[in-house]
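> With the sequence up front, the predicted model follows.
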Amino acid sequence: MAATIEGQDRVLATAQQIVKSLNINTKATEDMILILSSFDNRLSNITDLIDGGSTGEEVNHRFESAEKVILRRDSCGIGEGSSRSSSPWEDSSAEAAEYLEAVDLMIKLTEDLNIQSDCDNEVMDRAENALQIAMSKLEDEFLHILIRNTVPLDVDRLYGSIRKGSLSFASNEIEIEDDFESYREDDDGEGSGYWHERGPSFGGDVYVDLIRPDAIKDLKAIADRMIRSGYEKECCQVYINVRQDVLYECLSILGVERLSIEEVQRIEWKVLDEKMKKWIQAVKVVVKILLFAEKQLCEQVFSESELIKEISFVETTKGCVMQLLNFGEAVAIVQRSSEKLFRILDMYDVIADVLPDFEMLFVDESGELVCNEVKAVLSVLGEAAIGTFVEFENAVKGENSRRALQGGEIHPLTRYVMNYIKLVVDYSDSLNTLLPNSQNYDLDSKEADDIDSGDTLSPISCRLLSLITSLEANLEEKSRLYDDDALRYIFLMNNVLYIVQKVKDSELRNLLGDRWIRKHSGQIRQWHTSYLRSAWGKALLCLKDDGIGGGSSSGSKLLLKERFKNFNACFEEIYRVQSVWKVPDEQLREELRISISEKVLPAYRAFVGRFGSQLEGGRNGGKYVKYTLDDLENYLSDLFEGKPAVLNNIKRKGT
């Protein structure tokens, strides 16, 4: 131990001797400091020895040299704002290093002089003046480097990521009309609606450089010295002003305008819908990409101070975030209409998705205020979504149009509501969060009977079940507008089958269950049977042999002619009328034709087989037995096509 201490004393003594000899040559001193400092940690205090051993004349010489570097750059006008096309700071790393070295010396000198009680006031004034000039120039250089090295937002790359799947719209697209009322204007039910695109969804990381990487080192070097000198406010403000403007420009490029609530309320829906889609994309891009990149940039530039880097980040990004949130809030309070629900839910989902990112990015007290604003907008969007959904429920229950559709077609209300509901299912997670618990929502006896007793329905399942029940009740009322019972059954079959198919072919099946499907399929079969009885009962009565004797008396022939004549008239009337009726579903259409054939053709074959021969040899026999079995079968294939047939053009197809 004693040997170790003795060895250290010898090293220090040697170092003192070296220092004494080196004081003759300042340049040699500085070179030797670098060599010895890097040689051994035990010599790390060599600088202190040198400084302690420096004479007042040498300190004064170094001070004047640093002051000269600072004032020389000041007289040359270097660092006078961003109007220059280039900066000597960037052009010459040696000049930049020299200037920073001079600033470092001036900072240390002012720190040392502040500690000394008997410091030279004149030197102190000169040092503070030089430091003030240096800070002004560094501030200009900081501004210039920031502006000159800002990387333009690569929209093509960001939107390329959207197309490739990092940011993408879901593929589920369903056509709905412009609003709930518009379905009434469209008899064929196809609508002139628009495609609602779900999304966007986000996955994967897309990193962008906000500042050219080689400039960050220079920005940090300047920021470190301005913070150390007490000029952190000026440095921070320059950074905030420049980066804030860049983020506002990014919003503009992403299609997000600065709009007041009044302006948003005056925008036509289709235009507003496009703005909402752009807003949803922008939220993802801004939060997932730009804010994280901005946070990293602040941490790199202002690593010298935790407080400064946090303040800089919050103040830089707050305006951009608030512009996004203000639009979301404005949309939430615009007049409600059914077609806005899905885009509002898209907006709600995107805010809910990025809320954890906001809480990760904004961590201090000032950042907490931003997070609270995000939560507030999330809340009002949720309220707007539920309010819009409830209004839609009430609109379906209260819809009372009194016009029967020609041909028993699928009613536009059915198409609209089921397409709407199918879209609603895509948002089940969000709506289950927003809607009251299903235990607080009582189903009526009919609704409860439609589901398995053991099923526990989610809030959205309960509401959709109730909504479909309301639609069915509405359709039942509309079916009573038809005077022809057969057409009434066609109308009910068309519409309820459409509902069942929408349920079977979507996530609605999982929500409502197989029992619901079985029950409604059974109801369709009952209407099918009722249709056959109502539409063909009269024609089949004509083919009964009641009252027709087996002989060839004139009375029997007269009655027989009447029966054939009545059947022909019934069939031709059915053909004329029901060829105009429309059954869009191919399978149902074919099932109806088959069931008609199975009832009518055997009865007609038997009747003609028993009594046709009594008329064939007589005068005008073909007038009564007008159709062969093939004729009838061919004619039946024309039913339910929605194409009118002219009675006078009916001819024997077998001829």
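Everything's here; your move. Numbering: from 1, shown residues only.
> alpha carbons only for contacts and neighbour counts from here, please
OK.
> Summarise which helices and strands the strand or helix carrying residue 522 is packed against.
Secondary structure from DSSP states H and E places residue 522 in helix 514-541. Counting contacts by 3 or more Cα pairs under 8 Å, 6 or more residues apart in numbering; DSSP states H and E, helix 514-541 packs against helix 485-504, helix 554-578, helix 586-611.
> Recalculate using a threshold of 7 Å.
helix 485-504, helix 554-578 (3 or more Cα pairs under 7 Å, 6 or more residues apart in numbering; DSSP states H and E).
> so the shortest one versus helix 586-611, what angle?
Inter-element angle recorded for helix 485-504 and helix 586-611: 150 degrees (by axes from the mean of the first three to the mean of the last three Cα atoms, to 10 degrees).
> what about the helix or strand following helix 485-504, average pLDDT?
The helix or strand immediately downstream of helix 485-504 is helix 508-512, counting by DSSP H and E. Here helix 508-512 scores 88 as its mean pLDDT.
> And for residue 490, the neighbour number?
For residue 490, the neighbour count with other Cα atoms under 10 Å is 25.
> what pLDDT does it get?
Model confidence at residue 490 (pLDDT) stands at 96.
> pretty sure it is touching residue 408, no?
Yes - with contacts defined as Cα atoms under 7 Å, residue 490 counts as touching residue 408 at a distance of 5.9 Å.
> picking up where we left off before, highest average neighbour count across the helices and strands packed on helix 514-541?
helix 485-504 (a mean of 22; mean count of other Cα atoms under 10 Å).
> Quick one: list the elements packing against that helix.
The contact analysis (3+ Cα pairs under 7 Å, 6+ apart) places helix 485-504 against helix 412-425, helix 459-479, helix 514-541.
> Could you dump those into TSV and include distance to residue 297 and mean neighbour count?
Output for the helices and strands packed on helix 485-504, formatted as TSV (distance: least, Cα to Cα, whole Å; neighbours: other Cα atoms under 10 Å):
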stretch	distance to residue 297	mean neighbour count
helix 412-425	41	21
helix 459-479	44	19
helix 514-541	56	16
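> and the residue lying closest to residue 368 once chain neighbours are set aside, how far is that from residue 381?
Computed as Cα to Cα, 6 or more residues apart in numbering, the closest residue to residue 368 that is not its neighbour in sequence is residue 362, at 6.2 Å. Separation of residue 362 from residue 381 (Cα to Cα, to the nearest Å) stands at 22 Å.
> Give me the more crowded residue out of the two.
More neighbours surround residue 381 than the other of residue 362 and residue 381, with 25 against 20 (other Cα under 10 Å).
> Is it correct that that one is in contact with residue 349?
No - with contact defined as Cα under 7 Å, residue 381 and residue 349 do not form a contacting pair (9.4 Å).
> what's the overlap in contacts for these two?
Common neighbours of residue 381 and residue 349, using Cα atoms under 7 Å, 6 or more residues apart in numbering, do not exist here.
> hang on, isn't residue 150 packed against residue 210?
Yes - counting by Cα under 7 Å, residue 210 is a contact partner of residue 150 at 6.0 Å.
> Hmm, the residue nearest to residue 368 is touching residue 369, no?
No - using Cα under 7 Å as the test, residue 362 is too far from residue 369 to be in contact (8.7 Å).
> so where's the stretch 51-200 of the chain uncertain?
Across the stretch 51-200 of the chain, the ranges flagged by pLDDT under 70 are 51-56, 58-59, 73-92, 113-121, 157-200.
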